[in-house]
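# I need the structure of the sequence given here:
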Amino acid sequence: MAVIDPIKVVLTDFPENEIEEFEIKDEISGTRKIPFSKIIYIDQSDFRLEDDPNFKRLAPGKSVCLMFSHDAKKTTADKSYRITCTDYIQDENGKVTQLMAICDRGVNHKTKAPARIQWVAESPLHNSPIKAQVNLYSNLFLHENPSSNPDGWLADVNPNSLEIKTAFVDI
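Purely as a prediction, here's the structure:
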C-alpha cells in the first residue's frame, strides 16, 4: 500500500510496543505480511476536519475501515479493523498534522463502515514505512491547442504540470 500525502494517526488505545502482522494475498508471491502498530499513516485526502454527508472517509467522530487489516487466511474483510477519529492537532497555519483515533480490532461490525482506506504502519522492525518519491502529473499544456498560442507552443507549457511528493509505502 502507499500513502501519497501522509498524515500521522496515533491509535490511543493500542499498546505502545505491540506490532501485529496481517497476512494478505499477493498476486506475485501468494501472500505477504504487513505490520500494524500504534502509529499508522493515512492519506491527507482521506480526512476532513469538517464532515460532509457525502464524504465517506474519516472526520472527527467518524469511523472508517482499514484496508487489508485482517488476516486473509483466518478471517474475512468484514472483520477489518475500524478506526474512529477522536482528536487532532493543527499547526500554526491550521493544517492538521496528526490525528488521534481509537481502534476497533476486528469485531463483527453491526453497521457497515462507509469506506475502506489505505494506510501504512510505522514499524522499525519491518523498516516501515519506506519513503518514496512520487511524481504527480497534470496537464502538460495550459490550453487544449498549445500550437495556437501566439508566442508558440513552448509558451503554453504548464509550469505546474509536475508535483513531487514524498509518499510512505510498505514493502
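
# need the contact list for the closest residue to Ser69 other than its chain neighbours.
Of all residues not flanking Ser69 in the chain, Tyr81 sits nearest, at 3.8 Å (Cβ to Cβ, 6 or more residues apart in numbering). Every C-beta, even on glycine, is put in place using the N, C-alpha and C of the backbone. Applying Cβ atoms under 8 Å, 6 or more residues apart in numbering, we find Tyr81 in contact with 36, 65-66, 69-70, 103-106.

# Return the list of strands paired to the lowest-mean-pLDDT helix or strand in the chain, each annotated with direction.
Ranked by mean pLDDT, DSSP states H and E, the helix or strand of the chain with the weakest confidence is strand 20-26, at a mean of 85. Counting by DSSP bridges, the strands paired with strand 20-26 are strand 30-36 (antiparallel).

# what comes up buried for the strand it pairs with?
Of the residues in strand 30-36, 34-36 count as buried by neighbour count, 16 or more other Cβ atoms under 10 Å.

# Beyond that strand, next helix or strand please.
Note on strand 30-36: by DSSP states H and E, the next helix or strand toward the C-terminus is strand 39-43.

# Give the rounded mean pLDDT of that following strand.
For strand 39-43, mean pLDDT rounds to 98.

# Mind checking the pLDDT average for the following helix or strand past that strand?
Proceeding N to C from strand 39-43, the next assigned helix or strand is strand 63-66, under DSSP H and E. With pLDDT averaged residue by residue, strand 63-66 scores 92.

# name the helices or strands packed onto strand 63-66?
strand 82-90, strand 116-117 (3 or more Cβ pairs under 8 Å, 6 or more residues apart in numbering; DSSP states H and E).

# Return the member of those strands having the minimum mean pLDDT.
strand 116-117 (a mean of 92).

# Tell me which strands that strand pairs with, and in which orientation.
Applying DSSP bridges, strand 116-117 is found paired with strand 63-66 (parallel).

# Check the contacts of Tyr81 for the minimum pLDDT and say which it is.
Gly106 (69).

# Tell me the secondary structure of the residue sitting furthest away from the middle of the chain, please.
Farthest-out residue of the chain from its mean C-alpha position, per Cα atoms, centre = their mean: Pro150, at 43.4 Å. The three-state label given to Pro150 by DSSP: H, G, I helix; E, B strand; the rest coil is coil.

# And Leu154, by the same measure?
On the basis of three-state DSSP, Leu154 is classed as helix.

# Number of residues surrounding it?
9 (other Cβ atoms under 10 Å).
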